[in-house]
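Student: any chance you could fold what I've pasted below:
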Amino acid sequence: MERLNQITQYLRNYYPQLKIDEEALSKAVQKNSFSPSDLAVNILSITGAIFSVFSFLGFLFLLNIYDSPSTLFFLGAIFITSSIAISYQVQKLFLDTVSISLFCAGLVMVGSGLGLQDATLNSILLIILGISSIPLAIKQTKTLTFFSFMILNACVLGLILTNKAYSLIPIYITIIASLLSYFCYYEGRMLTSNSLSRRLYSVIRIGLICSLVLSLVLITHAPQFNMTIPFIWCTSLVLIVLNLIFAHRILLRHEITNRKKQWMFFVGFSILLFPTIYAPYISGAILLILLNYSIYYKTGLLIGGLCLCYSLVHYYYDLELSLLYKSGLLCLSGSLLLLYYALLSRKIKRNEKI
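Tutor: Residues are numbered from 1 along each chain as shown. Next comes the predicted model:
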């Protein structure tokens with residue numbers, strides 16, 4: 001709401017002839033917002049739904065229902081249909097949790113039924129992926145839409161890992177990072193376009209953030225899973241370019257228009273990221289911070305900060321260098337980050353005085 005007040009005040013100062021319905025605008029923002037408290041409630045709802053699903057599935061296991069594929073298909077179809085119907089008609093927290101529980105139980109039953117029919121893992125993942133895309137196409141609650149979006153992305157990663165198509169992981173990360181960058185760069189256009197984009201914007205944004213974090217964590221632990229990911233440096237180059245684009249946008253926002261200062265910043269920033277060319281999780285975490293800072297999204301900024309801390313610890317721990325070289329790299333990167341922080345803080349304070 002503070003950001004909304006700043007925008008309306010700016011519009012009044014520079015466009016006095018423009019009429020703003022603050023009450024309607026405030027209601028629209030509250031309706032379409034996805035605040036940190038909403039995220040916490042949604043996470044708790046999903047966690048509770050998963051635990052309830054496990055309990056219910058254990059009860060069905062005791063009834064020996066898992067011996068009949070047709071029964072599993074029938075119950076799974078009923079649960080998924082009921083979940084979508086409940087979510088479509090009623091938007092309350094309790095029923096929203098029930099909806100997620102039914103949807104998750106339905107997916108497990110359909111997957112189990114396919115497994116009993118000796119279906120391949122690829123077929124199971126593709127069918128679950130198709131079912132998970134249904135809530136994205138029709139009007140549903142944000143929680144179910146977010147849950148479906150995450151299952152869809154998990155199925156895509158599952159297909160890649162199952163088929164050992166590790167060369168597709170850089171492409172996947174590049175697509176997710178590019179989509180998230182597009183959503184953040186054209187935030188205003190997305191929120192003022194058709195109703196579908198406006199309704200799904202906040203949900204897909206946090207979904208893309210979580211999906212990017214999931215993929216970055218995956219490549220962070222690639223050596224532990226004996227995964228050889230080719231052309232990983234190509235992903236780093238794309239992420240570095242996106243970092244420079246949004247860094248330039250932030251510099252312009254803080255009125256740093258001097259070309260010499262901009263080039264000094266870009267050169268220093270590139271030098272800082274160059275040693276991580278084979279560790280795209282570093283540039284990916286920094287991109288998360290810049291993206292969310294550019295749109296003032298505090299939840300995403302917190303996620304990006306935690307991801308960066310984890311990535312840095314893992315990166316310096318895995319370096320096959322002596323302790324002296326590791327210390328030098330830490331001092332160099334830390335000094336550059338502190339320098340950038342000092343310059344930005346000085347510029348922000350100067351603008352506040354003006």
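Student: so which strand or helix has residue 328?
Tutor: helix 323-353 (DSSP states H and E).
Student: what about that helix, average pLDDT?
Tutor: When pLDDT is averaged along helix 323-353, the result is 64.
Student: okay but residue 231 is in contact with residue 170, surely?
Tutor: Yes. Residue 231 is within contact range of residue 170, at 5.5 Å (criterion: CB atoms under 8 Å). In short, each C-beta sits where N, CA and C put it, glycine included.
Student: these two - which one has more neighbours?
Tutor: For residue 231 and residue 170, the more surrounded residue by other CB atoms under 10 Å is residue 170, and the numbers stand at 21 against 12.
Student: look at the closest residue to the more buried one other than its chain neighbours and tell me its secondary structure.
Tutor: Spatial nearest neighbour of residue 170, chain neighbours left out: residue 235 (4.1 Å); criterion: CB to CB, 6 or more residues apart in numbering. Of the three states, residue 235 takes helix under DSSP: H, G, I helix; E, B strand; the rest coil.
Student: next one: residue 235, what pLDDT does it get?
Tutor: 88.
Student: is it true that it touches residue 281?
Tutor: No. Taking CB under 8 Å as the definition, residue 235 is not a contact partner of residue 281, at 9.7 Å.
Student: more crowded one of these two?
Tutor: Counted by other CB under 10 Å, residue 235 and residue 281 do not tie: residue 281 has more neighbours, with 30 against 25.
Student: tell me how far the more buried one lies from residue 69.
Tutor: Remark: distance between residue 281 and residue 69 (CB to CB, to the nearest Å) = 41 Å.
Student: ok, the closest residue to residue 201 other than its chain neighbours - how many residues close by?
Tutor: Using CB to CB, 6+ apart and skipping residues adjacent in sequence, the residue nearest residue 201 is residue 190, 4.9 Å away. For residue 190, the count of nearby residues is 19 (other CB under 10 Å).
Student: likewise residue 156?
Tutor: Residue 156 has 18 nearby residues by other CB under 10 Å.
Student: and what of residue 289?
Tutor: Around residue 289 there are 19 other residues, counting by other CB under 10 Å.
Student: what of residue 176?
Tutor: 22.
Student: what sits against it?
Tutor: Residues near residue 176 by CB atoms under 8 Å, 6 or more residues apart in numbering: 153, 208, 211, 212, 215.
Student: how does it look with 10 Å?
Tutor: Counting by CB atoms under 10 Å, 6 or more residues apart in numbering, residue 176 makes contact with 153, 156, 207, 208, 209, 211, 212, 213, 214, 215, 216, 284.
Student: in JSON lines, list the residues you listed along with secondary structure and pLDDT.
Tutor: Shown next, in JSON lines, are these (DSSP: H, G, I helix; E, B strand; the rest coil; pLDDT from 0 to 100):
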{"residue": "153", "secondary structure": "helix", "pLDDT": "90"}
{"residue": "156", "secondary structure": "helix", "pLDDT": "91"}
{"residue": "207", "secondary structure": "helix", "pLDDT": "87"}
{"residue": "208", "secondary structure": "helix", "pLDDT": "90"}
{"residue": "209", "secondary structure": "helix", "pLDDT": "91"}
{"residue": "211", "secondary structure": "helix", "pLDDT": "90"}
{"residue": "212", "secondary structure": "helix", "pLDDT": "91"}
{"residue": "213", "secondary structure": "helix", "pLDDT": "91"}
{"residue": "214", "secondary structure": "helix", "pLDDT": "90"}
{"residue": "215", "secondary structure": "helix", "pLDDT": "90"}
{"residue": "216", "secondary structure": "helix", "pLDDT": "89"}
{"residue": "284", "secondary structure": "helix", "pLDDT": "89"}
